[in-house]
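Chemist: Predicted coordinates and the sequence they were generated for:
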Amino acid sequence: MNRLNASEPIGPLEGRWKKHLFDLALVAPQNRDKHKIIVIGTGLAGASLCATLGESGYQVSSFCFQDSPRRAHSIAAQGGINATKNYQNDGDSVWRLFYDTIKGGDFRARESNVYRLAELSGNIIDQAVAQGVPFAREYSGYLANRSFGGTQVSRTFYAKGQTGQQLLLGAYSAMSRQVEAGRVTHHSRSEMLEVITINDKARGVIVRDLVTGELSTHIADCVVLCTGGYSNAYYLSTNAKGCNTSAIWRAFKQGAFFANPSFTQIHPTCIPPTGEGQSKLTLMSESLRNDGRIWAPKNIADCEKRPQDIQEQDRDYFLERMYPAFANLVPRDVASRAVKSICDEGRGVGVKIHGKRLGVYLDFAGVIDKIGLDAVEEKYGNLFEMYERITDEDPYVTPMKIYPAPHYSMGGLWVDYNLMTTIDGLFAAGEANFSDHGANRLGASALMQGLADGYFILPQTIANYLARHTFDQIDDDHAQVKQALEATRVRIDKLMHAPDAHHSPEYFHQKLGKILWDACGMSREQEKLAQAIDEIKTLEQEFWQKIKVTGVDKDLNQTLERAGRVADFIELGVLMCQDALNREESCGAHARVEHLSPGGEVKRNDEEFSFVSAWEYQKDGAKLHEEHLHFEFIKPTVRNYK
Amino acid sequence: MTFTLHIWRQQSVSIQGDFVTYKIDNVDADTSFLEMLDQLNEQLIHQGEDCIVFDYDCREGICGACSLVINGYPHGEKIATTTCQLYMREYVNQRELWVEPWRASSFPVIKDLTVDRSSFDRIIQSGGYVSVHSGSAPEANNIRIDKHASDEAFNAASCIGCGACVAVCPNASASLFVAAKISHLALLPQGEIESIDRAKNMIKSMEDEGFGSCSNHRHCQRACPKGISLENITRMNKILG
């Protein structure tokens, strides 16, 4: 049996989702409350799914580790959400968004999934507006748009720099309505620690109550993981501190394949690191690149000068120079690598960390001259304020300094067209799956994907799964349930009582982060990756010998929470490097030094690598399966942003 | 920099807590307040002690998880700033800092500096939404909305649900939080239809959760890290008649 059957519909692309919808089995309204569904995570995908399943009449149990579903990290998305409304009459269409997404992902995503995403994008805006999401508007009262990194049309809807917040609060309020209606039972401060599989079907989860430390089992007909991405593997990232890979990693170890783990996006416009004790990096919305010009000093000698003391002719607007057509709006991976190479040349600005200045300027002087201070404030006021609060510098006067930081993981659990993993009854949505962004995600597409999965796709495909299967009654005494519970207990015990307890979880996390950032970050090469795998394996051994967790486990113990997450990140780190090592090509955000053109462009190898890497957990090392990608509608071309 | 920290430690809701004093050295001026606490916790782990528990997540001022009353001010003294975006350069070197959890009976302390804010979720559940079914929405541009109304709605909607307004209020009222949601939705035609019932239900829920009423002390607006305006309370009162 080919376990990587994507179950894609066939036929004309435009009709695939419609045809598939008709082919999916339904659950009649009167039968829906006989089915219980577990949803882990309450970001855009999870909250929108809970709301929709609740409205449909299913019994939903949801869990999040935060103290409220409203705090899931989708809340922090700044820039916007794409949709093919073509309100600007600038030639946008479903086909164009589909094309841009496939091309932006450097031909490493599945055509059927991406087309469906583009197709559903407009409905998402309708839904959000109906919920009261206050998108930006024109004076006419119609919705406003802006253009966003990597595209030449204005299709991005936004709510100042808080689009994720507003969309999440919309989904959270819809979910809250279902909690009130008794359709959704929600558990905050609850972390999923294991998936329970019985007869090869996902039937439940083990959850730790983060306040009391008690473990509990929850049984359902299916389980959906909406648990976000794993950029925190790098320790410093733009993700919230709590973001982790544990849910999808536990699922991987139960048999769900992990796809493209090395496809991680490094976002070009983040505030540079300033010191050793820093806990996270802050993203400055990519929308700033619409009006800001990126430059570095031409001469290394100028790097120490104040920017205002560097003459115009001594500034290198390197993105405009290297990519005249797209200039400052090139896709994220292209921009990030260009910034890195400038800093590697020694032309970076800002404070020196480990002997290097990690920053380039993002300058708004031009646009302030052109449209005036008020107009700039209207567009970017809150972002400028945020920058000033963090750095103590006023970007209206002094150009911002930016540097790339890990931001998004395109990789995730492998899913078929129904968003189901290789474990029956285990679904993955949003950033937790790998499905739509290939080797690189375009700006303003993450929110779109999370909501398409939650509002429109999963409610249909889950119904199909429920309708086509029968579910035995399972109780807590079932051998598999007890075994999962026991395994979770044993693991907690190991974390609490390492033989030579010495170092905090942060200590190990920082070490892992440095290894991954150096070997599996913006550029990767064979030797370094192989070495990193060895280093991480050594770190893993050291971790289980020396991890020190103070306090007790039957309590609110944040050190224990972190330790468990770091343990999973360490294992994931090996797989990330292994995947990067195996993929002997450069594509999208994955830049193998051996496969770059002399000009630093990625060189894809479609002959050998036009596939999704899907890794299967095995005790002695993960095994690779390949899902070959077929491009029936868009001929793979070389991405060229010049 | 060096600080003397008096931090509220409390094992659980039923056990009386107290301030415990810690010294911390080598704090960089560009360290955030929470990173300073991280640094202290690393010290505690090294000494084999249970870490100080506090809520945090995004560390960029948007998720609303962080709290802390610092020297009497929720989120510290700096205007329009969450604790996670507060930097130690705001404080004079060698200053004494008193760090406490939100204090309100509707926000019971869970442990140390962490409180239970699920009452806010229940208030939203009582009516903080537009009753629209997924998939039943009309074409977005069929609903035209005056830009000023839309901007006002956005300002109200930017509430992060942190609870600073409650923590600072002598009545421990959640009026600003409730009014922000009521305003946000009532200002928009989509939400206006349900606005009276929504306001009544949410106010009832607020009272049932044990929050006090507004008696115009107006501290909330100042303490709000997102600058949510008191006008929202006026608007709410008009809706309630």
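Modeler: Now that the structure is in, tell me what you want to look at.
Chemist: In the stretch 201-350 of chain A, which residue sits closest to chain B?
Modeler: Nearest residue of the stretch 201-350 of chain A to chain B: residue A:240, at 4.3 Å (C-beta to the nearest C-beta). C-beta coordinates here come from the backbone N, C-alpha and C atoms, glycine included.
Chemist: looking at this, that residue is in a strand?
Modeler: No - assessed with DSSP: H, G, I helix; E, B strand; the rest coil, residue A:240 is coil; it does not lie in a strand.
Chemist: The residue in the stretch 301-450 of chain A positioned nearest to chain B: what's its closest spatial neighbour, skipping adjacent residues?
Modeler: Closest residue of the stretch 301-450 of chain A to chain B, C-beta to the nearest C-beta: residue A:389 (5.3 Å). The shortest distance from residue A:389 to any non-neighbouring residue, by C-beta to C-beta, 6 or more residues apart in numbering or on different chains, is to residue B:85 (5.3 Å).
Chemist: so the one you found makes contact with residue B:61?
Modeler: Yes - at 4.4 Å, residue B:85 counts as touching residue B:61 under the criterion of C-beta atoms under 8 Å.
Chemist: picking up where we left off before, distance check, the residue of the stretch 301-450 of chain A closest to chain B against residue A:383.
Modeler: Distance, residue A:389 to residue A:383, using C-beta to C-beta, to the nearest Å: 11 Å.
Chemist: Looking at the two now, which is surrounded by more residues?
Modeler: Taking other C-beta atoms under 10 Å in any protein chain shown, residue A:389 and residue A:383 do not tie; residue A:383 has more neighbours (22 against 18).
Chemist: who's in contact with the more buried one?
Modeler: Taking C-beta atoms under 8 Å, 6 or more residues apart in numbering or on different chains, we find residue A:383 in contact with A:78, A:161, A:284, A:285, A:287, A:288.
Chemist: The residue of the stretch 201-350 of chain A closest to chain B contacts residue B:55, correct?
Modeler: No - Residue A:240 is beyond contact range of residue B:55, at 11.7 Å (criterion: C-beta under 8 Å).
Chemist: what about the two, which has more around it?
Modeler: Neighbour count, other C-beta under 10 Å: between residue A:240 and residue B:55, residue B:55 has more, with 28 against 25.
Chemist: Do you know the pLDDT at that one?
Modeler: You'll see residue B:55 listed with a pLDDT of 98.
Chemist: Not counting residues beside it along the chain, what's closest to it?
Modeler: Leaving out its chain neighbours, the residue that sits closest to residue B:55 by C-beta to C-beta, 6+ apart is residue B:65, at 4.6 Å.
Chemist: So the one you found versus residue B:104, what's the distance?
Modeler: Distance from residue B:65 to residue B:104, by C-beta to C-beta: 17 Å.
Chemist: Pick out whichever of these two has more residues nearby.
Modeler: residue B:65 (28 against 23).
Chemist: pretty sure that one is in a helix, no?
Modeler: No - the assignment for residue B:65 by three-state DSSP gives coil, which leaves it out of any helix.
Chemist: Now do the phi/psi pair for it.
Modeler: Main-chain dihedrals, residue B:65, degrees, to the nearest 10: phi -70, psi -40.
Chemist: what residues are up against it?
Modeler: By C-beta under 8 Å, 6+ apart, residue B:65 lies in contact with A:66, A:67, A:71, B:55, B:56, B:57, B:58, B:162.
Chemist: What is the helix or strand hosting residue A:406 packed up against?
Modeler: Taking DSSP states H and E as the criterion, residue A:406 maps to strand A:400-409. Under the contact criterion of 3 or more C-beta pairs under 8 Å, 6 or more residues apart in numbering or on different chains; DSSP states H and E, strand A:400-409 touches strand A:264-270, helix A:332-344, strand A:360-363.
Chemist: near chain B at all, stretch A:190-210?
Modeler: No - Stretch A:190-210 lies out of reach of chain B by C-beta under 8 Å from any C-beta of the partner chain, never closer than 9.5 Å.
Chemist: Once you drop chain neighbours, what's closest to the residue nearest in space to the middle of chain B?
Modeler: In chain B, the centroid-proximal residue (C-alpha atoms, centre = their mean) is residue B:162; its distance is 1.8 Å. Nearest residue to residue B:162, sequence neighbours excluded (C-beta to C-beta, 6+ apart): residue B:64, at 4.1 Å.
Chemist: Let me see the contact set for that neighbour.
Modeler: Applying C-beta under 8 Å, 6+ apart, the residues near residue B:64 are A:68, A:70, A:71, A:75, B:82, B:160, B:161, B:162.
Chemist: now swap in residue A:260 and tell me
Modeler: Residue A:260 neighbours (C-beta under 8 Å, 6+ apart): A:108, A:410, A:411, A:412, A:434, A:439, A:579, A:612, A:613.
Chemist: rewinding a little: pull up the overlap in contacts between residue A:389 and residue A:383.
Modeler: By C-beta under 8 Å, 6+ apart, no residue touches both residue A:389 and residue A:383.
Chemist: Name the SS class of the residue of the stretch 451-600 of chain A found nearest chain B, please.
Modeler: Of all residues in the stretch 451-600 of chain A, the one sitting closest to chain B is residue A:551 (3.8 Å; C-beta to the nearest C-beta). Three-state call for residue A:551 (three-state DSSP): coil.
Chemist: And what about the nearest residue in space to it that is not next to it in sequence, helix, strand or coil?
Modeler: Distance criterion C-beta to C-beta, 6+ apart; nearest residue to residue A:551, sequence neighbours excluded, is residue B:50 at 3.8 Å. Recorded secondary structure, residue B:50: coil (three-state DSSP).
Chemist: can you count the residues close to residue B:50?
Modeler: Residues near residue B:50, counting by other C-beta under 10 Å: 21.
Chemist: what do you get for residue A:247?
Modeler: 27.
Chemist: residue contacts, the residue nearest to residue A:389?
Modeler: The contact partners of residue B:85, by C-beta under 8 Å, 6+ apart, come to A:386, A:389, A:390, B:32, B:59, B:60, B:61.
Chemist: Tell me how far it lies from residue A:234.
Modeler: For residue B:85, the distance to residue A:234 equals 22 Å [C-beta to C-beta].
Chemist: circling back to that earlier point, the residue of the stretch 451-600 of chain A closest to chain B reaches residue A:562, doesn't it?
Modeler: No - using C-beta under 8 Å, residue A:551 is not in contact with residue A:562; the gap is 11.8 Å.
Chemist: mind checking which helix or strand the residue in the stretch 151-300 of chain A that chain B sits nearest to is in?
Modeler: When distances are taken as C-beta to the nearest C-beta, the stretch 151-300 of chain A reaches nearest to chain B at residue A:173, 3.7 Å away. Residue A:173 belongs to helix A:163-180 when assigned by DSSP H and E.
Chemist: what is the mean pLDDT for that helix?
Modeler: On average, helix A:163-180 scores 98.
Chemist: Relative to the whole chain's centre, how far out is it?
Modeler: How far helix A:163-180 lies from its chain's middle: 20 Å, per C-alpha atoms, centre = their mean, to the nearest Å.
Chemist: for that helix, packing partners?
Modeler: Applying 3+ C-beta pairs under 8 Å, 6+ apart, one finds that helix A:163-180 contacts helix A:44-56, helix A:111-131, strand A:184-187, helix A:446-451, helix B:118-125, helix B:147-157.
Chemist: Give the buried residues for that helix.
Modeler: Neighbour-count burial for helix A:163-180 flags A:163-180 (criterion: 16 or more other C-beta atoms under 10 Å in any protein chain shown).
Chemist: my guess is residue A:423 meets residue A:201, correct?
Modeler: Yes - between residue A:423 and residue A:201 there is a contact at 7.3 Å, judged by C-beta under 8 Å.
Chemist: Any buried residues in stretch A:14-28, and which?
Modeler: Here stretch A:14-28 shows A:16, A:17, A:20, A:24, A:27 as buried, counting by 16+ other C-beta under 10 Å.
Chemist: Contacts for it, please.
Modeler: A:8-11, A:35, A:94, A:112, A:115-116, A:119-120, A:417, A:460-461, A:463-464, A:466-468.
Chemist: So which of those sit within helices?
Modeler: Using DSSP state H, A:94, A:112, A:115-116, A:119-120, A:460-461, A:463-464, A:466-468 are the members of those that sit in helices.
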